[in-house]
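Undergrad: Just need the structure, nothing else, for what follows:
(chains A, B, C and D)
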Number of protein chains: 4
Amino acid sequence: MIKEECGVFGIYDFDGGDVASTIYYGLLALQHRGQESCGIAVSDTSGPKGKVLSSKDMGLVNEAFTTEILKKLKGDIGVGHVRYSTAGSSTRENAQPLVLNYVKGTLALAHNGNLINAPELRKELEYTGAIFQTTIDSEVIAYFIARERLNSKTVEEAVGRAMKKIKGAYSLIIMSPRKLIGARDPFGFRPLCIGKRDNSYVLASETCALDTIGATFVRDVEPGEIVTISPEKGIESDKSMCIPKEQHARCVFEYIYFARPDSFVDGMSVYNSRILAGRYLAIDSPVDADLVVGVPESGNCAALGYAMESGIPYGQAFVKNSYVGRTFIKPGQKNRESSVQVKLNALRDAVEGRRVIMIDDSIVRGTTSDRIVRMLREAGAKEVHMRVSSPPFLWPCYFGTDIPARDQLIAYNRSVDEICKIIGADSLGYLKEERLSQIVEGREICSGCFTGKYPLDPPEDDIRGEFDH
Amino acid sequence: MIKEECGVFGIYDFDGGDVASTIYYGLLALQHRGQESCGIAVSDTSGPKGKVLSSKDMGLVNEAFTTEILKKLKGDIGVGHVRYSTAGSSTRENAQPLVLNYVKGTLALAHNGNLINAPELRKELEYTGAIFQTTIDSEVIAYFIARERLNSKTVEEAVGRAMKKIKGAYSLIIMSPRKLIGARDPFGFRPLCIGKRDNSYVLASETCALDTIGATFVRDVEPGEIVTISPEKGIESDKSMCIPKEQHARCVFEYIYFARPDSFVDGMSVYNSRILAGRYLAIDSPVDADLVVGVPESGNCAALGYAMESGIPYGQAFVKNSYVGRTFIKPGQKNRESSVQVKLNALRDAVEGRRVIMIDDSIVRGTTSDRIVRMLREAGAKEVHMRVSSPPFLWPCYFGTDIPARDQLIAYNRSVDEICKIIGADSLGYLKEERLSQIVEGREICSGCFTGKYPLDPPEDDIRGEFDH
Amino acid sequence: MIKEECGVFGIYDFDGGDVASTIYYGLLALQHRGQESCGIAVSDTSGPKGKVLSSKDMGLVNEAFTTEILKKLKGDIGVGHVRYSTAGSSTRENAQPLVLNYVKGTLALAHNGNLINAPELRKELEYTGAIFQTTIDSEVIAYFIARERLNSKTVEEAVGRAMKKIKGAYSLIIMSPRKLIGARDPFGFRPLCIGKRDNSYVLASETCALDTIGATFVRDVEPGEIVTISPEKGIESDKSMCIPKEQHARCVFEYIYFARPDSFVDGMSVYNSRILAGRYLAIDSPVDADLVVGVPESGNCAALGYAMESGIPYGQAFVKNSYVGRTFIKPGQKNRESSVQVKLNALRDAVEGRRVIMIDDSIVRGTTSDRIVRMLREAGAKEVHMRVSSPPFLWPCYFGTDIPARDQLIAYNRSVDEICKIIGADSLGYLKEERLSQIVEGREICSGCFTGKYPLDPPEDDIRGEFDH
Amino acid sequence: MIKEECGVFGIYDFDGGDVASTIYYGLLALQHRGQESCGIAVSDTSGPKGKVLSSKDMGLVNEAFTTEILKKLKGDIGVGHVRYSTAGSSTRENAQPLVLNYVKGTLALAHNGNLINAPELRKELEYTGAIFQTTIDSEVIAYFIARERLNSKTVEEAVGRAMKKIKGAYSLIIMSPRKLIGARDPFGFRPLCIGKRDNSYVLASETCALDTIGATFVRDVEPGEIVTISPEKGIESDKSMCIPKEQHARCVFEYIYFARPDSFVDGMSVYNSRILAGRYLAIDSPVDADLVVGVPESGNCAALGYAMESGIPYGQAFVKNSYVGRTFIKPGQKNRESSVQVKLNALRDAVEGRRVIMIDDSIVRGTTSDRIVRMLREAGAKEVHMRVSSPPFLWPCYFGTDIPARDQLIAYNRSVDEICKIIGADSLGYLKEERLSQIVEGREICSGCFTGKYPLDPPEDDIRGEFDH
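TA: Below you'll find the predicted structure:
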C-alpha cells in the first residue's frame, strides 16, 4: 500500500489530431502533484484496435520527454500521469499510466489516490491466479476491470462493477481503444474535472491544466460518477455509484496545499480557500505586528488573506531560489550550509526592526519552521509570530497523503505552546478545526489527518511497503 | 508471438555471498545471445521472504550496469537475462527477468525460447481475467505457474504443471524466495546447463558462462527436466515431463551459429561441431584453391575444419573492426561508405593472386555475401569459392530463431547455381542436410528451418506482433 | 564580443578544508546570473604548485555537478562561474573558469562582464603570436596578465597592469596557486563583494551567495580595486586603478533586474531599490485601481512598493509554474498552447471585476506583456494598468547586458501611448529616467541602455560574433 | 609530456560536399589507435572565412557522435582525431582537433605523436607571453605556426618554419580556411598517407581508413614532407625539411602492433610484416608441437606466419568476448572472476592433449601471459611454448608509445629463461632484434624501446605529467 499524491490527464480529440504534446503541457501544469515519475500513453482510434504507444520515465515531465519522444507518440486519444511516492518504491516499474492487454484488447489506466483495501484485494486476486508486476493500486483496479469486463457489455460497465470492489480514494482516467473514461470514488477524495477545447474533451486532476492548454472548464466529475467520452455520444454519465452528498469527503488538504491556487476544485477557488484560511487566522489568532509574510510559495495566499483581514501590511520576507528543485546535492552533516538556507534567504531590508507575522501552510516535523524563524531573527526581525493555515497534523492519512509516522509529528503529544517554544517563535497559531468547513464554503470534506475521523474505516494493519520490490 | 534468442543465467550461493556481480560476468559471457536489453534480479534468502531487487535496461550488459547499480543488488540468489528481439517490441517493458508477486510471494523468471501456443494461452488466460503488461512469453508462463501453484505443494510442482500447458521452445530459470529452478522444454530446443563454484550452484544457457566465472560444469539440464536447487537438498530432479530421447529436437543452429565455440551443448563441443561442418564441406564440395578463409568471426572454425580436411592452407583474409558494434551510424543511401566496408576489410597481401575458399555460417538474404565476395576480388583474389557451413534457409522457425519471411530468403525458389551467380562467387557449396546429424555426432536435432519438418506442429496462423505495443 | 551576464565565486580556506562543495552552494545562489554553463576549478595549496582540478559543463549547477564530481575536486582554494550567453556561442569550450598554464605556473580565471576593446586586443595579441581557443573575453584578459607577469613581481601586479589595457565591464576572480585575487573595473559596472566564514575568505558577485553559505559580508570590492587574499597577509588592497567616485558607472539594471532582491550591491539593498522604483512609479504614474500585482517574480518587489506608496492593496494575480525552466519543449506555431500560458496563469478570483495595476521590471519586445495583459482581461479584470519599474529600453548595452537590436525594441521610435495600445493595456507608465539615480540613493550609475549616454565610448563597429566558432 | 598514440584523418571535398560523416567513418577505421576521446572539426570553404564547427567528446567514435551532431557539422573541409592517453590527462580539454583563432583566422589541428622538446618549447613560449589551456603538444605546435605565420607568406610556410622548432614524432593534419595541410616529422615516426575519392583528397594515419571510405591510396606523405591540398593546385609538396633516407626512423611497433594488419605503412603491408615476424620466429625459435595459435587478435598474423614456415598446423585456441571493451566493470580483488577470463576463454577441444605454440605480439608486465598460459594448461594443453613477435621491451619510448617504467617491465634485468619460468611456459622465444629490419623489408626504423638507441637524443629529464591538470 503506497501512499501517493498524483496528477492525471486525459484527452480525446474527436477530429483525430495528435494529443501527445497537449498531454505534455497538461502534465507540466500538474507537475506540482508529483515529481517522481511520469508517463504518457496514446492510441490512434483510426488504427488497429488496441495499439497503444507509451513512454514512461523517472523524473520531471520536461526531463522525461523530448520532442523526439512526443513525435513518436502518435494518437488522438491519450492519458498521462505524474507520480509522487515515498522513496522505497520509486521504481520505473511503478510509473503510470499502466498499459495492459486483456480479454477485450488494450487499456491504459492512470490513477490518483490510494485504496485502503488494496492488500486484501491483491490477496483475493492472487488466490484466483493473478500475478502482480508492480506495487501500485492501478494494477489491482485494472484486474477488477478486466475480470468484470467478462460479465459486462461495455468497459464503462466493468469500471462501475470494479468500483464496487475497491475502497478508498481514487480519481481514474482509463483509455480504451475508442473511449476515454473518467471515474471518481464515491467520497470524492481526489479532484477530477472535465474540459473542452474545440472538438476535444479533456479530463484532468485540476482546472489549471485546462487553462494551460487553453481548454474551457465544463464541469467537475462528481464523487462516485463515471463519465464516458466518445465521439458517438459525447459525455455519458453513470451515477449509480454515487452516494448522498452528505457523505462526500473531499481531501481538505487539496485546498490547503496540494492543488495550485489557480485551480477550482469542485467549484471552490483554491486561491479563495487560502485567502479565507488567512482571514480566519487573523480573526482567531490576532497579534499586533508590522508585516505579514508567507513562507514561499505555499504560504503566500494565506498571508495575503491575513493581511486583508487584519489590515497589517502584506510584505515579502524571503527570496526563494527557483533553481533549486528536488535534485540538488543536499548538504551533509559536516557542511556549513543547510538545505533551508540554500532554498530560502531572508530580505533584511524588509524585516529588520519589524514585528513579523509569518504564515505557512502546515508544520510537519517542525525542523524547517525552526530554521526559518531563526533566519528571520538573524535578518533583524524584532518579533516572529507564526501562523499556520491548517490545524495540527495528528493522524495518519489512508487516502493518499504522505504523512510521517505520528511520533515524528511535532504536534503529537505537544501543546501549541510547546511547539511554539521548539520552533522559537514569539507566538504560534493554527487554523481552528471548525474553520476547515468554512474555508471550503461548506463543502463536505475529509479532515482525518487533523481529527482522526475518517469517512471510511481505516485498514486494520498498515502493511505499507510489504510488496515493495 | 515474438521470436527471440536470449541468454539466461541463475546462481544460488548457499554461503550467502552476494551474487549480482557474478551474474554480471555470466551475462557478459552470454552477451552474444542477445544485445537488446538485459536485467538482473536478486533476493536475499535471509531477508524478508519475497523481497526482490531488480534492474533492467536497454542495451548491452556493460552499458546497463554500473558498479553502483550492482552494489545495490544485494542478494545471494539471483537470475539474469540478455535479450534479443525484432525491432518492434524492443521496449523496456519487455526486458527480463520478469519479477512478479503472486499468491505465494515473489518470483523472478528468465526465459529463452518461443512458445508456439502463446496466443491461445493468452486468450485462455484473458478469458479467466488475466491482464498482460508485456508481450513476452514469460508472462504467459508466469501466469500458469501462479495458477497451478494454487493446486501444488511446491513451486517446482507448479512449474511442472505449467509445462503441460505451454508448447514450444523454452529454457527457464525461476527464482523463488528460497529455491532456484531450471527447466527445459521436452524437446530440448534451447540449451541449459548446471555448474558449481565452491558452495554456489549455477544455471546458464551455455558452458562458456561457467568458464568465465570460474565454475565447473556439472551436467546439462535434460530436455523436459526440472531441476530445483536449494541448500537443503542440493539439486533435485523431476523428469516426469521428459519424452523419449528419439523425439528430442535441439536447435541445430545453436551449434552452427548461436552458441559460442567454447561452449559445450548437451555434451557436444560447439567448436568441434563447426570443425566437422568444415570437414564435411571439404569432402562434399571440394575445390582446388590456395587458401581457406573464414568470414569473421562465425566462419572461422568451419574454415579451419575445411583446411584440415582438404590440406589447403588456412589463412586470414579479413580484418574486422572490433569497435563497430550494433550502434554505429549506418551509412545512408547517399553515402559512399557501406556498412559491410565499415565492418570488414580485405587483407590484400593475403589474397592477391590467390584462389580463395571463403566460408560463412549461412546465407540469409545474400546481400552481405555479395559484398564480401566483391571485396575479395577487389583485393586481388583470382577466384572466390564460397562454402556455407549450413544448408540453405528455406523455412520459418517457430522456436525462437529470427528468420525473415520466405520471399526474402535468397535460397527460396532458387537453385544453388542461381544463388552463386547472384553473390558473384566462382562456386558455391552448402552443407548437405544429411550432414547436420553428423556434425552433432548423432544427437537428435530440429532442423526445421532447413527442412520444413518440425518436431511440433507449427501454429496455424502466425500472429506475430499483434499484441505489440 | 559576446554579451554576457555571469556570476563569479571564489573562496580560500586558510585552514586547508575542501572548498568545492561550498563553491557549489555559492554558484546555486548565483544561478540567476547565468544558466547556460558552469564550472568549478580548485587547487590544493599544500600540493604541487599549479595543480588545478576543474570541471565545467553545459546546464545548471545542479545538473552539471554530482557528489562524485565534487568529491574529486579536492582543494582549499577555488573559483566558480555560472554563465549566460546568447545562443550562438553556447559551447562547452566557452565555459568558465578558464584554466591556463603560463610562465609562472597555473591560473584559473572567472569573469563577469564585457570588454569593449576585446576585438582590438585580440588583434593586437594575435600580431604578437597569440592563439585563441575560445571566444570569451577571459582569454584576452588572461593573455595580458600572462604577458605583464613577465615584468611584474607578483601576479596581482600583473593583474593591475593588464587592467590598464582592457576596457569595459569586468568583475574578475583569479586563483593563483597561493592567492585568490578579485578585481573590478574602474567604473564598477558589475558587482563583487568580499565575505568571511571562519578562517575562509570569499569573493562573490552578490551578497546572497554569502548568506547561502553562511558567510558574513565584509565589504564590496571597490570600483577599480584589486584585492589579494592570502594567509600571510589577509586582504591586501591595490587601488591604483581607481578613478574618481563621480565617474563610477554601476549597471543600474543590476538593481532593477539582474541581482537577487536579497543581495546588497555596493551597500544598496536591491530589494529596497525595487521598492523605491515602485514608490516612484506610484508618485509619477498614479491611477485609481483596486489591486496592485507584480509579474512574477521580478515585478513583485516594485509592486509592493507601488502598493505601499499608493495605498492600493497589494495582491497576487498570477501563478507561475515553478517546474517550467529553460528546458521545456516550447509550443510550436501549430500548437494551441503558448509558452506564456505554460509558465503563467491568472488567478480569476483575485482579479475578476477588479481594476488591476500590473508591474513588470521592463518591456523588451512587448510580446510577453501583450499576452499577460490579455490573460488578466480573460480572467475578468475590468481594467489593466501596466507600470514598468525601469525607463524604456532604447539603446544597446556594450557592457554585458544582452539587449536585442534597436529595431526589435518596442520602445524604439514609439510613444508610450503607442506602446500602450500595442500591449492592450488601459494605461502604461514607465519609471522616469531621473528616478534611476534616486532608486539607488544617489550612487553613480550607467544607464546607457535607457539614455544612450555611456561612461566609455562604445566601440565603433560592433563585431559581435565574428570569432564565433 | 604526454605519451600518446593517436589517429588523424582529414578530407577536402573540392566539389563542396559535406565531409563530417566521411570523417566519422574514417575515424571508426582508426579507432584502434585511440579510444579515449575523439573529435571532428569542419569548415565550409564557401562560407565566412574561419568559421569552424567542431564537436569533441570522451569515449569511442560511435559513442561521441550521433546523426544529429554530424548533421550540424556542415562543411566541405574537415579534420578528425581519435586519442589515446594515459589516465591522468584524459580530460575533455585535451581532446583534439585543436581549434584556434590566430592572426590569420582560424586553424584546426590534429596531431599524432610526441614532441621531446615540448617542455622547453612551452617554457620558451611562456617567456614570450603564451598561455596554455591544454597539456597536449598540439597546442605548442599551434603556437609556433601562429608565430611563424607573422613572417610567412602562407600557412604552409609557417608550418615548415614551426617544424624547425619542434622535435620528436608528429604526423599532423591542419585545416586552414581554404587548405588542408599534412606534415610528417623528418624521421617519419608515425604514418600518414594520402588518398583520393572522386574529387576529394584525404589524409589519414593508415590506409585502412581509405579502404573504409572507398578512397584509393595515392601515396604516403614522406618523412619530413609537408603537403598542401587545395582546389587550385591539388597536392603541393614541400620537402625542404626532409632528411637523408638513412636517418628515417619509423616506429617499428606500428608494424608489430599499432597499425591494423590491412594497412600499408610506407608501402609495407602490416599483415606481411607480421607474417614475416612469425616466419622468423619459426626459423629462430623452432619447437616440435602440434598446433600454432595466436593470442587474439594481435597475435594471429604472426601465428599464421609461424605455421606457414614451420609446417605445424595453425589453429584457434581462444574465444575472445567481442562485447567486452574498455568499459566493463573490472573484477575486484575479492571477485572470483578475472579480467583475462572475462575477455578470453580457451577452446578445450582445440588444445586438449596437444603441444601448443602460442604467439603474442609482446610481453609487457607478464601478468596477462601468465594467466593465458595457465588457461591453456587448464584446458588440457600438454605443452605451452610461447613465442613473441617482438624483442623484449627494455627501454622507454619518447616518441608516443606508452611503455611503463623500466622496473615494471618483465624483461628488465631478467633472462629469457627467468621470464619463461615466471609466465609458466615450457619454452619462450622472442623475435631477435636483428630481425626487426627484415620484417619491414629493410625500411629504416626506430627500435629504441628494444635497443635503447634513439634517432634523437631523449630529453634529459622526463617531466611527464607536470603540466597535468
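
Undergrad: For A:Gly366, give me its contacts.
TA: Under the criterion of C-beta atoms under 8 Å, 6 or more residues apart in numbering or on different chains, the contact partners of A:Gly366 comprise A:Ile410, A:Ile419, A:Ile422, A:Ile423. C-betas here are computed from N, CA, C, even on glycine.

Undergrad: any chance of these in CSV, with pLDDT and secondary structure too?
TA: Putting the contacts of A:Gly366 into CSV (pLDDT from 0 to 100; DSSP: H, G, I helix; E, B strand; the rest coil) gives the following:
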residue, pLDDT, secondary structure
A:Ile410, 96, coil
A:Ile419, 98, helix
A:Ile422, 97, helix
A:Ile423, 97, helix
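
Undergrad: and the closest residue to A:Leu344 other than its chain neighbours, how many residues sit next to it?
TA: Counting by C-beta to C-beta, 6 or more residues apart in numbering or on different chains, A:Leu344 lies nearest to A:Phe318, which is 5.0 Å off, once chain neighbours are set aside. Using other C-beta atoms under 10 Å in any protein chain shown as the criterion, A:Phe318 is surrounded by 24 other residues.

Undergrad: Show me what A:Phe318 is bridged to.
TA: Beta-bridge partners of A:Phe318, counted by DSSP bridges, are A:Ala346.

Undergrad: re the thing from before, just give me the closest of the contacts of A:Gly366 to B:Glu157.
TA: The shortest gap between B:Glu157 and any of those belongs to A:Ile410, at 53.8 Å (C-beta to C-beta).

Undergrad: residue contacts, the closest residue to A:Asp370 other than its chain neighbours?
TA: Once its chain neighbours are removed from consideration, A:Asp370 has its nearest residue in A:Ile423; the separation is 4.7 Å (C-beta to C-beta, 6+ apart). Contacts here follow C-beta under 8 Å, 6+ apart; on that basis A:Ile423 touches A:Ile363, A:Gly366, A:Ser369, A:Asp370, A:Val373, A:Met386, A:Ile410.

Undergrad: Now do the phi/psi pair for the last one.
TA: Phi and psi for A:Ile410, reported as degrees, to the nearest 10, are phi -60, psi -30.

Undergrad: which stretch of helix or strand covers the residue of the stretch 51-200 of chain A found nearest chain D?
TA: Using C-beta to the nearest C-beta, the closest approach of the stretch 51-200 of chain A to chain D is made by A:Glu68 at 9.4 Å. In this structure, A:Glu68 sits in helix A:67-72 according to DSSP states H and E.

Undergrad: One more: A:Asp211?
TA: helix A:207-213.

Undergrad: Please state the offset of that helix from the chain centre?
TA: Counting by C-alpha atoms, centre = their mean, to the nearest Å, helix A:207-213 is centred 15 Å from the centre of its parent chain.

Undergrad: Using PDB, list the CA coordinates for whatever helix or strand comes next after that helix.
TA: Once the chain leaves helix A:207-213, the next helix or strand it forms, by DSSP H and E, is strand A:216-220. Output of strand A:216-220 as PDB, limited to C-alpha atoms (Å, rounded to 0.1, in the frame of the first residue of the first chain):
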ATOM      1  CA  THR A 216     -12.600  25.700 -21.100                       C
ATOM      2  CA  PHE A 217     -13.900  24.200 -17.900                       C
ATOM      3  CA  VAL A 218     -17.100  22.100 -18.500                       C
ATOM      4  CA  ARG A 219     -17.700  20.700 -15.000                       C
ATOM      5  CA  ASP A 220     -16.300  18.500 -12.300                       C
END
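
Undergrad: What pairs with strand A:216-220, parallel or antiparallel?
TA: If you go by DSSP bridges, strand A:216-220 pairs up with strand A:193-197 (antiparallel).

Undergrad: May I see the buried residues of the partner strand?
TA: Within strand A:193-197, the residues that count as buried by 16 or more other C-beta atoms under 10 Å in any protein chain shown are A:Cys193, A:Ile194, A:Gly195, A:Arg197.

Undergrad: pLDDT weak spots in the stretch 351-469 of chain A?
TA: Regions of the stretch 351-469 of chain A meeting the criterion pLDDT under 70 cover residues A:461-469.

Undergrad: hey, where'd the strands end up in it?
TA: A:355-360, A:383-388, A:427-430, A:445-446 (DSSP state E, counting those that start in this stretch).

Undergrad: among these, which is nearest chain C?
TA: Within the strands of the stretch 351-469 of chain A, the stretch nearest chain C is strand A:355-360; the backing value is 13.2 Å (C-beta to the nearest C-beta).

Undergrad: Now do the closest one against strand A:383-388, angle only.
TA: 20 degrees (axes from the mean of the first three to the mean of the last three C-alpha atoms, to 10 degrees).

Undergrad: which residues sit against strand A:355-360?
TA: Outside of strand A:355-360, the residues within contact range by C-beta under 8 Å, 6+ apart are A:278, A:281, A:287-295, A:298-299, A:302-303, A:306, A:310, A:312, A:317, A:369, A:372-373, A:376, A:381-389, A:425.

Undergrad: In PyMOL, how would I select just the buried ones from those residues?
TA: Here is the PyMOL selection string for the buried members of those, based on 16+ other C-beta under 10 Å:
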select buried, chain A and resi 278+281+287+289+290+291+292+293+294+295+298+299+302+303+306+310+312+317+369+372+373+376+381+383+384+385+386+387+388+389+425
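
Undergrad: ok, the contacts of A:Ile423 vs C:Gly16, which is closest?
TA: Each of the contacts of A:Ile423 was checked against C:Gly16 using C-beta to C-beta; the closest is A:Asp370, at 32.3 Å.

Undergrad: what's the neighbour count on the closest one?
TA: The local packing of A:Asp370 (other C-beta under 10 Å) involves 17 other residues.

Undergrad: Return the distance of it relative to A:Asp361.
TA: Distance of A:Asp370 to A:Asp361, given as C-beta to C-beta, to the nearest Å: 16 Å.

Undergrad: for the stretch 201-350 of chain A, which spans come out with low pLDDT?
TA: The stretch 201-350 of chain A contains residues with pLDDT under 70 at A:326.

Undergrad: what about 90?
TA: Counting by pLDDT under 90, the ranges of the stretch 201-350 of chain A that qualify are A:297-298, A:324-338.

Undergrad: Likewise for the stretch 1-150 of chain A?
TA: Low-confidence regions of the stretch 1-150 of chain A, defined by pLDDT under 90, span residues A:1-5, A:47-51, A:84-95, A:135.

Undergrad: ok, now with 50
TA: Across the stretch 1-150 of chain A, the ranges flagged by pLDDT under 50 are A:1-2, A:87-89.

Undergrad: what's around the closest residue to A:Asp57 other than its chain neighbours, how many residues?
TA: Excluding its sequence neighbours, the residue lying closest to A:Asp57 (C-beta to C-beta, 6+ apart) is A:Ala64, at 3.8 Å. By the measure other C-beta under 10 Å, the count of residues near A:Ala64 is 20.

Undergrad: Likewise for the one 5 residues further on?
TA: As a burial measure, A:Ile69 scores 15 neighbours (other C-beta under 10 Å).

Undergrad: How about the one 5 residues further on?
TA: Look at A:Lys74: counted by other C-beta under 10 Å, it has 16 neighbours.

Undergrad: try the one 3 residues further on
TA: Using other C-beta under 10 Å, A:Ile77 is surrounded by 29 other residues.

Undergrad: Next up, phi/psi of the closest residue in space to it that isn't next to it in sequence, please.
TA: Counting by C-beta to C-beta, 6+ apart, A:Tyr12 is the residue found nearest to A:Ile77 once chain neighbours are left out, at 4.5 Å. Listed backbone geometry of A:Tyr12 is phi -130, psi 110, with angles given as degrees, to the nearest 10.

Undergrad: Which single helix of chain A contains the most residues?
TA: Scanning chain A for the helix with the most residues, using DSSP state H, yields helix A:270-284.
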